[in-house]
Every structure is written in C-alpha cells, then in structure tokens.
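Peer 1: Starting from these lines, generate the structure:
(chains A and B)
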Number of protein chains: 2
Amino acid sequence: MKAQIFITLKSGVLDPQGKAVHHALGALGFEEAEDVRQGKFIEMELADGTPRERIEQMCEKLLANTVIENYDIRILSGEDAA
Amino acid sequence: MKAQIFITLKSGVLDPQGKAVHHALGALGFEEAEDVRQGKFIEMELADGTPRERIEQMCEKLLANTVIENYDIRILSGEDAA
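Peer 2: Prediction:
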C-alpha cells in the first residue's frame, strides 16, 4: 500500500521559503501568484494493512514538527496506487 | 482560487533525503515503511481565473527542475479551497 503525507506550516508561522518563491515568481512576471506556502510531500510504500494510526505516529515522532507544522495523510489503496 | 503543486523526484533519481527518513523510521521501530521518497508541496493562492497553463509555466520555469523532477498540479475551486 502507498501513503502520501503532506506537511505544511501552520498558518501564522513565517514561511521564508514560500516568500522567496513568491518573490521569484513576481520577478518572472507571474503576477497572478498572490501567496505561496511551501511544505513537504512524502510518498511512502508501506507493508499492506498498516493502520492509519501507525502513519500518524510516524508523523508525530519524526516527519512533522507539530509545534509549527500540520500534517495530512492520504492512503492510496492498491488500485489507486497503480 | 487555490492550487496545490506536488514536486517529486523522477523514479531512478537518487533521493538521499527520502533514504535518510526511511532509515530514521526503521531506527524508531517503524519497520512497515518499505520505501520513502520526499518531495515538495507548494500551496498557492492565485488570482481567480488563472489558467492551468500559467501554473504549468511556473513549474517549468521556476518551481521544478524538470531534468530530475516531475510536477503535478491540482486546482482547487473556490468551494474546495474553503
């Protein structure tokens, strides 16, 4: 099975990387970008039947800094993952 | 409108960051993680009516290194974005 994990900075937390991307887009003429936030995207191949709670534990313990980051988990079934 | 952009390394491209996460998960007892790939996740607030092609141009010109990275764009309509 496959899982996708999205890690984003909580709103209110300064995002210098997103600001830099936003600025660079403006400099390239992409004025339609009004705000940019950058996060992490983790794709994981897991043993079949891994419960969602285990993935949450991975996020809490290692993948996300829950003081400043939120995480969102999407589990892809066998068919979706193909 | 809101857009989400997922930037992932092409398969075959070495992903040391993903390998490090995989190794750390194993050391923490998360043996069910069989493979980990790490990418970038960009959330963008855009002027309404921005066509998908513009977002593709942003990816091609700035956000993704298309030699080694793939990108995937998901456009959220006003309702989904709420």
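
Peer 1: do you know how far the nearest residue to residue A:76 once chain neighbours are set aside is from residue B:66?
Peer 2: Of all residues beyond its chain neighbours, the one nearest residue A:76 is residue A:2 (4.3 Å), with distances taken as C-beta to C-beta, 6 or more residues apart in numbering or on different chains. Any C-beta I mention is one placed from the backbone N, CA and C, and that applies to glycine too. Distance, residue A:2 to residue B:66, by C-beta to C-beta, to the nearest Å: 24 Å.

Peer 1: These two: which is more packed in?
Peer 2: Shown here are residue A:2 and residue B:66; by other C-beta atoms under 10 Å in any protein chain shown, residue A:2 has more neighbours (17 against 13).

Peer 1: Pull out the buried residues from the longest helix seen in chain A.
Peer 2: In chain A, ranked by residue count with DSSP state H as the criterion, the top helix is helix A:16-27. Of the residues in helix A:16-27, A:18, A:21, A:22, A:24, A:25 count as buried by neighbour count, 16 or more other C-beta atoms under 10 Å in any protein chain shown.

Peer 1: helices and strands around it, which ones?
Peer 2: With contacts defined as 3 or more C-beta pairs under 8 Å, 6 or more residues apart in numbering or on different chains; DSSP states H and E, the secondary structure elements packing on helix A:16-27 are strand A:33-46.

Peer 1: what lines up beside the strand it packs on in the sheet?
Peer 2: Counting by DSSP bridges, the strands paired with strand A:33-46 are strand A:2-9 (antiparallel), strand B:33-46 (antiparallel).
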